[in-house]
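Student: the following comprises the amino acid sequence and a computationally predicted model.
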Number of protein chains: 2
Amino acid sequence: MTTPHISPTHSPRNVRHLKCVLCGREFSPTETLYTCLACGPAGILEVIYDYPYIAQRFTKEMLAKNAERSLWRYAPLLPISDTERFPPLQVGWTPLYPVQRLRRQLGLEELYVKDDGRNPTASLKDRASAVGIVKALELGAKEVTGASTGNAASSWAGASASLGLKSYIFVPEKAPKAKIAQLLVYGAKVFAVRGTYDQAFDLCIEATERFGWYNRNTAYNPYLVEGKKTVALEICEQLHWEVPDKVFVPVGDGCIISGVWKGFYDLQQLGFINRLPQLVACQAEGSQAIKLALESDGTIRPVEANTLADSISVSLPRNGVMAVRDVRRSAGFAVSVTDEEILAAITTLARSTGVFAEPAAAASLAALQKLLAQGRIDPKERIVLLATGNGLKDIESALKAVGSPMSIEPRLDDVEKALS
Amino acid sequence: MTTPHISPTHSPRNVRHLKCVLCGREFSPTETLYTCLACGPAGILEVIYDYPYIAQRFTKEMLAKNAERSLWRYAPLLPISDTERFPPLQVGWTPLYPVQRLRRQLGLEELYVKDDGRNPTASLKDRASAVGIVKALELGAKEVTGASTGNAASSWAGASASLGLKSYIFVPEKAPKAKIAQLLVYGAKVFAVRGTYDQAFDLCIEATERFGWYNRNTAYNPYLVEGKKTVALEICEQLHWEVPDKVFVPVGDGCIISGVWKGFYDLQQLGFINRLPQLVACQAEGSQAIKLALESDGTIRPVEANTLADSISVSLPRNGVMAVRDVRRSAGFAVSVTDEEILAAITTLARSTGVFAEPAAAASLAALQKLLAQGRIDPKERIVLLATGNGLKDIESALKAVGSPMSIEPRLDDVEKALS
């Protein structure tokens, strides 16, 4: 498989180079490509910034005065050429809730939920799509593509629709109905691949090479982590630069957790914060390749993915190498939870905070509950749970977690009977 | 049917009195009740403000400096006692998109979409629930109730859950699955009434009297319009106090459109704006009681409701009298659209703006398209479309508007075949 070149018309001044996560080889941002020329698709490229350059143009004081309430408030820290004009959909600056009832229920002193289901297409993936679509525009692309279990795809289709780009999306056949509906409504050409996410992913890269579409695949396009990192930037700013002790992140491909790490790392390099949080990788027991790697030699080996949390259901985590590295750098670790624990966490979260999360998004609370039960959490820790997607994305799973309405005739007697 | 008293512990200083929409009788806010003592449930009460009092404490300059990005930035214009402490969920300050692609497509000079599907439970109803739940807290209520076709209910259940109040919800049996799922996930006790919305509504009021729950029924609880008006306040502020020429509002019970009118009216009274927009009431052909009243003697007569746009499917509009009055005061009018036009508008909106709206929410675009086709819109007008709820609320209807994915084997040849 060859690695197609992508050549940006402008080079962002704040970027030093792109660096291969495997061999460390450096590439100029002007000769931009998806992955390392030497290592191929496994050689994911990281964006390396010129922090002294950025520090002269981006300060806490400037942020405090910035009225922009979206991820573009962090434009000087993003790999984009034009830091003035942005795509139309309002992405990011989602609420960080100090969930007092849940906190008390769990016996903790400081607990927050970052509700990223509040993004335009109802998941954190909108952050990556926002940066990705700007890169597509820089290249003059008119057609874009992506493979996804669902959220990245619907997010990409929505971002494309808002700008009039044509999108070609590859999903595994069994993706939840709501995510498929979003794609079709946004006018994407949708290929429901009779196979796994992993097969859809590979097919999408083949199609990219054949048709010249701009590709947004996770751990292939180097700019997505940069979009995802904005969730960490927001958490820090919303906590008035007090760093959390632990951040719980749902993990499938491992791309979001690397984004979270990158956000905190950037802020540390700029001197905005003086330490990094521990990252807790929250995986479904039926899809825990990154946990197994973290707890052994660090090597990613494919598993047989089997969890109802579709957004983190992955056999071979595409960003596994970087995710393992970043969790370790943060002195973090992984926890896996069962589907039953995830379903229970959906209702616990909704009933104590008003936040309705999709299964993958509730995995962070399920993981916290497991660690608490094992006595592995100090009640004084400052903890942030990342809720990565809205519960409306997967009603079928949510309904498994709850009972049914009480069917009654329109009579007060029936109400009384139902209550007794 | 008796009208239960509700007695607030404090009286908001900015409120002069509550006034019956039918007989004009005035009630002190300290002897607060749901509806007029003389007229009964049909005697909806309006909140009448002390504008000179408010004008001394609330200016455009103060707003410009206010960092709060939620409906609570307008607290001095809301009927609440404590203007400092608010419920936890972040409601309002939703995007007002200058939808340039859709604008050009329709041949208009100035067009905006207010995306209220971005609220916590994904509909505009969160605005009313936010104010309603504050009133419940002022009374020390621990249990709340409401009847709804879906959005108001899920919004009320979410607000209640975020504060630990118990909710009892009455829905018509055929409410969309996603809305029922939200209710159950939030831990509401849900009564699926074998009957219409109207029967569920009446039963809920009976239950309120029997059990003493705090009631959020539309056009019964006088404070909901006050929450809903914040969408108009935001539109004005986001347009830098340039008043739209027309605002298109999906209309079922007629409560939202009265809220929109009240918001503009308040701002005019305060001198923030110098004129009012025309309000266009957008109804489904299968549920157009308010349109029929507007185009005849103004009297609301029940219809046989039959539309897939569940959020505006109403036989007897509970807020009909006020809605007819307010549309007329605005020099506005009504338009009705078919279900087919609504479904087509869902995809048109999504594909040109990235905003995925539920059927009722897309009725505003369908109505605009109808007026354009009839030559009843001046292309120079400044137009705002209200998108009242997120498309994820009703996937089944959305899927009727679109095709299916192309099912393929994971082979590039299959992609090529599907494209040709």
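Tutor: Nice, I can see it.
Student: can you pull the contacts of A:V185?
Tutor: B:346-347, B:350-351, B:356, B:391, B:398, B:401-402 (Cβ atoms under 8 Å, 6 or more residues apart in numbering or on different chains). In short, each C-beta sits where N, CA and C put it, glycine included.
Student: report the separation between it and A:V335.
Tutor: 36 Å (Cβ to Cβ, to the nearest Å).
Student: phi, psi of A:D253?
Tutor: When read as degrees, to the nearest 10, the backbone of A:D253 gives phi -70, psi -20.
Student: helices along the stretch 201-350 of chain A, start to end?
Tutor: Per DSSP state H, counting those that start in this stretch, the stretch 201-350 of chain A carries helices over the ranges A:224-228, A:230-238, A:255-269, A:289-294, A:320-329, A:339-353.
Student: adding neighbour count, write the contacts of A:V185 out as CSV.
Tutor: Formatted as CSV, the contacts of A:V185 follow (neighbours: other Cβ atoms under 10 Å in any protein chain shown):
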residue, neighbour count
B:I346, 27
B:T347, 19
B:A350, 26
B:R351, 23
B:F356, 31
B:G391, 30
B:A398, 26
B:A401, 21
B:V402, 20
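Student: which of the helices of the stretch 201-350 of chain A is buried the deepest?
Tutor: Looking across the helices of the stretch 201-350 of chain A with neighbours counted as mean count of other Cβ atoms under 10 Å in any protein chain shown, the highest average goes to helix A:224-228: a mean of 28.
Student: centre of the chain to that one, how far?
Tutor: 8 Å (Cα atoms, centre = their mean, to the nearest Å).
Student: so that helix, near chain B or not?
Tutor: No. Helix A:224-228 stays out of contact with chain B when judged by Cβ under 8 Å from any Cβ of the partner chain, the minimum separation being 15.8 Å.
Student: for that helix, name the packing helices and strands.
Tutor: Counting contacts by 3 or more Cβ pairs under 8 Å, 6 or more residues apart in numbering or on different chains; DSSP states H and E, helix A:224-228 packs against strand A:45-49, helix A:125-138, helix A:255-269.
Student: got those as CSV, with distance to A:Y220 columns?
Tutor: Shown next, in CSV, are the helices and strands packed on helix A:224-228 (distance: least, Cβ to Cβ, whole Å):
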stretch, distance to A:Y220
strand A:45-49, 10
helix A:125-138, 11
helix A:255-269, 10
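Student: and A:F27, what are its bridge partners?
Tutor: Beta-bridge pairing of A:F27 under DSSP bridges involves A:L18.
Student: next, the contact list for it, please.
Tutor: A:17-20, A:33, A:36-37, A:45.
Student: circling back to that earlier point, which residue in the contacts of A:V185 has the weakest pLDDT?
Tutor: Minimum pLDDT across the contacts of A:V185 is recorded for B:A401, with 85.
Student: just the endpoints, please. Distance across stretch A:246-255?
Tutor: Start-to-end span of stretch A:246-255 (Cα to Cα, to the nearest Å) is 18 Å.
Student: and if you look at stretch A:206-219?
Tutor: Stretch A:206-219: ends 15 Å apart by Cα to Cα.
Student: report the buried residues of that stretch.
Tutor: A:207-208, A:213-219 (16 or more other Cβ atoms under 10 Å in any protein chain shown).
Student: nearest residue to the residue nearest to the spatial centre of chain A other than its sequence neighbours?
Tutor: Residue closest to the average C-alpha location in chain A (Cα atoms, centre = their mean): A:I256, at 3.8 Å. Nearest non-adjacent residue to A:I256, counting by Cβ to Cβ, 6 or more residues apart in numbering or on different chains: A:K228, 5.3 Å away.
Student: go on, A:S404?
Tutor: Take A:S404 and drop its neighbours on the chain: the residue closest to it by Cβ to Cβ, 6+ apart is B:L184, 7.5 Å away.
Student: who wins for most neighbours among the contacts of A:F27?
Tutor: Counting neighbours by other Cβ atoms under 10 Å in any protein chain shown, the top entry in the contacts of A:F27 is A:L45, with 27 neighbours.
Student: what's the pLDDT at that residue?
Tutor: Predicted confidence (pLDDT) for A:L45: 95.
Student: and it, what are its bridge partners?
Tutor: A:C20.
Student: tell me the contacts of it?
Tutor: A:18-21, A:27, A:33-36, A:222.
Student: any idea how far it is from A:I54?
Tutor: Taking Cβ to Cβ, one finds A:L45 at 19 Å from A:I54.
Student: tell me, which of the contacts of A:V185 make contact with chain A?
Tutor: B:346-347, B:350-351, B:356, B:391, B:398, B:401-402.
Student: make JSON lines out of those and add distance to A:G286.
Tutor: Putting the ones next to chain A among the contacts of A:V185 into JSON lines (distance: Cβ to Cβ, whole Å) gives the following:
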{"residue": "B:I346", "distance to A:G286": "35"}
{"residue": "B:T347", "distance to A:G286": "35"}
{"residue": "B:A350", "distance to A:G286": "33"}
{"residue": "B:R351", "distance to A:G286": "36"}
{"residue": "B:F356", "distance to A:G286": "30"}
{"residue": "B:G391", "distance to A:G286": "30"}
{"residue": "B:A398", "distance to A:G286": "30"}
{"residue": "B:A401", "distance to A:G286": "34"}
{"residue": "B:V402", "distance to A:G286": "31"}
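Student: any residue of stretch A:318-335 up close to chain B?
Tutor: No. Stretch A:318-335 is not in contact with chain B by Cβ under 8 Å from any Cβ; minimum separation 16.0 Å.
Student: what residues does the stretch 1-150 of chain A have near chain B?
Tutor: So the stretch 1-150 of chain A meets chain B at A:69, A:88-90, A:93, A:95, A:97-101, A:115, A:118, A:120-122 (Cβ under 8 Å from any Cβ).
Student: if we use 10 Å, what do you get?
Tutor: Residues of the stretch 1-150 of chain A lying close to chain B (Cβ under 10 Å from any Cβ of the partner chain) are A:64, A:67, A:69-70, A:87-91, A:93-101, A:104-105, A:115, A:117-122, A:126.
Student: now the stretch 251-400 of chain A against chain B: closest residue?
Tutor: A:G354 (3.1 Å; Cβ to the nearest Cβ).
Student: so who does A:L371 touch?
Tutor: Applying Cβ atoms under 10 Å, 6 or more residues apart in numbering or on different chains to A:L371 gives the contacts A:246, A:248, A:280, A:282, A:333, A:335, A:377, A:383.
Student: tabulate the CA atom coordinates of whichever strand or helix holds it in PDB.
Tutor: In this assignment (DSSP states H and E), A:L371 forms part of helix A:359-373. Included here for helix A:359-373 are C-alpha records, laid out as PDB according to Å, rounded to 0.1, in the frame of the first residue of the first chain:
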ATOM      1  CA  PRO A 359     -22.400   3.500  26.200                       C
ATOM      2  CA  ALA A 360     -18.800   4.300  25.400                       C
ATOM      3  CA  ALA A 361     -19.100   7.600  27.100                       C
ATOM      4  CA  ALA A 362     -20.400   6.000  30.300                       C
ATOM      5  CA  ALA A 363     -17.400   3.700  30.400                       C
ATOM      6  CA  SER A 364     -15.400   6.500  32.200                       C
ATOM      7  CA  LEU A 365     -17.900   6.500  35.100                       C
ATOM      8  CA  ALA A 366     -18.000   2.700  35.100                       C
ATOM      9  CA  ALA A 367     -14.200   2.600  35.400                       C
ATOM     10  CA  LEU A 368     -14.200   5.200  38.200                       C
ATOM     11  CA  GLN A 369     -16.800   3.100  40.100                       C
ATOM     12  CA  LYS A 370     -14.700   0.000  39.700                       C
ATOM     13  CA  LEU A 371     -11.500   1.700  41.000                       C
ATOM     14  CA  LEU A 372     -13.500   3.100  44.000                       C
ATOM     15  CA  ALA A 373     -14.800  -0.300  44.800                       C
END
